[in-house]
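Visitor: Next come a sequence and a model predicted from it.
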Protein chains: 2
Amino acid sequence: MSPRRRFALHGKPLHACAPTFAALGDEMRLRLIAALCMGGAMSITQLTSGTDITRQAITKHLGVLAAQGLVRGVKVGRERLWEFEPAQLDEARRSLESIAQQWDHALAKLKLAVED
Amino acid sequence: MSPRRRFALHGKPLHACAPTFAALGDEMRLRLIAALCMGGAMSITQLTSGTDITRQAITKHLGVLAAQGLVRGVKVGRERLWEFEPAQLDEARRSLESIAQQWDHALAKLKLAVED
DNA sequence: GTAATATGCACCCCAGAGGTTGCATATGAA
DNA sequence: TTCATATGCAACCTCTGGGGTGCATATTAC
């Protein structure tokens, strides 16, 4: 084991997750993920209906999500179906857990030092 | 139970977590959280040393994190000590878990429908 | 073949984020 | 008191992100 333990013992360093969090840091994009998660694969037109922004804006949001591997679009016929891709989201979840664990560890160490 | 189940059965709707994710969506801010998490409470000057940006920039980043309740600053003497605040981060973690669970549920339902 | 649908592409616009500099203020040290 | 340290505040700059419009292209429907 390395002498000085850092974060993210498994996987990339946590600050590498910043782009993923940034992609999740938009209300509309979270809604898109939610829709794809519940409704299965959907086309851009389907995703646009029910929102108050244009299809182009939705397209850009999907592009941002796809750039981080959070969704994937497959062309079928004249439409492109977008589906949720859970891998990166799990990675982000694990990195949050890594921080929480590190914090708990630091607290425990502090408590030991105080009681010592 | 409501007829149509939505996300975030416990807590706020998931899209309400967007500001928290946005706050986490910056490499420098993730580094700050990591530093506070491992090193305990630190002053701005301490947090600035080792980075290549100015103290003011660090101050703004801490402001963003504090606005989402991810860190908290307490004035002691002539310096202000910043410390990590795990509550909001746990909330974000739970919302990611909520999405993952919803996804698993949707997959299971789909599998059932196929086998039916 | 022609029309309607679904999407892609290229710009344009503007507010806000990230960063800097300069100066003011508060507090510990000598 | 006087100086050095730690931070706060405000103005300014630049660039990107979210959103929009217009037009081109590809497919399906008739």
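Guide: Thanks, I have it. Numbering: from 1, shown residues only, chains lettered A, B, ... in the order given.
Visitor: does the nearest residue to A:Arg31 once chain neighbours are set aside sit in a helix, a strand or a coil?
Guide: Using CB to CB, 6 or more residues apart in numbering or on different chains and skipping the chain neighbours, the partner closest in space to A:Arg31 is B:His15 (5.2 Å). Placement of C-beta: from N, CA and C, glycine included. Following DSSP: H, G, I helix; E, B strand; the rest coil, B:His15 is assigned to helix.
Visitor: With A:Lys12 instead?
Guide: Secondary structure, three-state DSSP: A:Lys12 is coil.
Visitor: follow-up on the earlier one: surely the residue nearest to A:Arg31 touches A:Leu32?
Guide: No: judged on CB atoms under 8 Å, B:His15 makes no contact with A:Leu32 at a distance of 9.7 Å.
Visitor: out of the two, which sits in the busier spot?
Guide: A:Leu32 (24 against 18; other CB atoms under 10 Å in any protein chain shown).
Visitor: Next up, the contacts around the more buried one.
Guide: Taking CB atoms under 8 Å, 6 or more residues apart in numbering or on different chains, we find A:Leu32 in contact with A:Leu47, A:Ile58, A:His61, A:Leu62, A:Leu65, A:Val71.
Visitor: The last one and A:Leu65, how far apart?
Guide: Pointing back at A:Val71 there. As judged by CB to CB, to the nearest Å, A:Val71 and A:Leu65 stand 4 Å apart.
Visitor: Quick check: neighbours shared by those two?
Guide: A:Leu32, A:Ile33.
Visitor: For the helix or strand encompassing A:Thr45, buried residues please.
Guide: Assigned by DSSP states H and E, A:Thr45 belongs to helix A:44-48. Neighbour-count burial for helix A:44-48 flags A:Ile44, A:Leu47, A:Thr48 (criterion: 16 or more other CB atoms under 10 Å in any protein chain shown).
Visitor: Just the ones of the contacts of A:Leu32 in strands?
Guide: Cross-referencing these against strands under DSSP state E gives A:Val71.
Visitor: Take the contacts of A:Leu32 and write them to TSV, including distance to chain B.
Guide: Supplementary listing: the contacts of A:Leu32 in TSV, determined by distance: CB to the nearest CB, whole Å:
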residue	distance to chain B
A:Leu47	14
A:Ile58	15
A:His61	12
A:Leu62	16
A:Leu65	12
A:Val71	12
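Visitor: Weed out the non-buried ones from the contacts of A:Leu32.
Guide: A:Leu47, A:Ile58, A:His61, A:Leu62, A:Leu65, A:Val71.
Visitor: what would the residues you listed look like in a markdown table with distance to A:Pro19 and pLDDT?
Guide: Output for the buried ones among the contacts of A:Leu32, formatted as a markdown table (distance: CB to CB, whole Å; pLDDT from 0 to 100):
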| residue | distance to A:Pro19 | pLDDT |
| --- | --- | --- |
| A:Leu47 | 22 | 98 |
| A:Ile58 | 20 | 98 |
| A:His61 | 15 | 98 |
| A:Leu62 | 16 | 98 |
| A:Leu65 | 11 | 98 |
| A:Val71 | 14 | 98 |
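Visitor: Much appreciated, bye for now.
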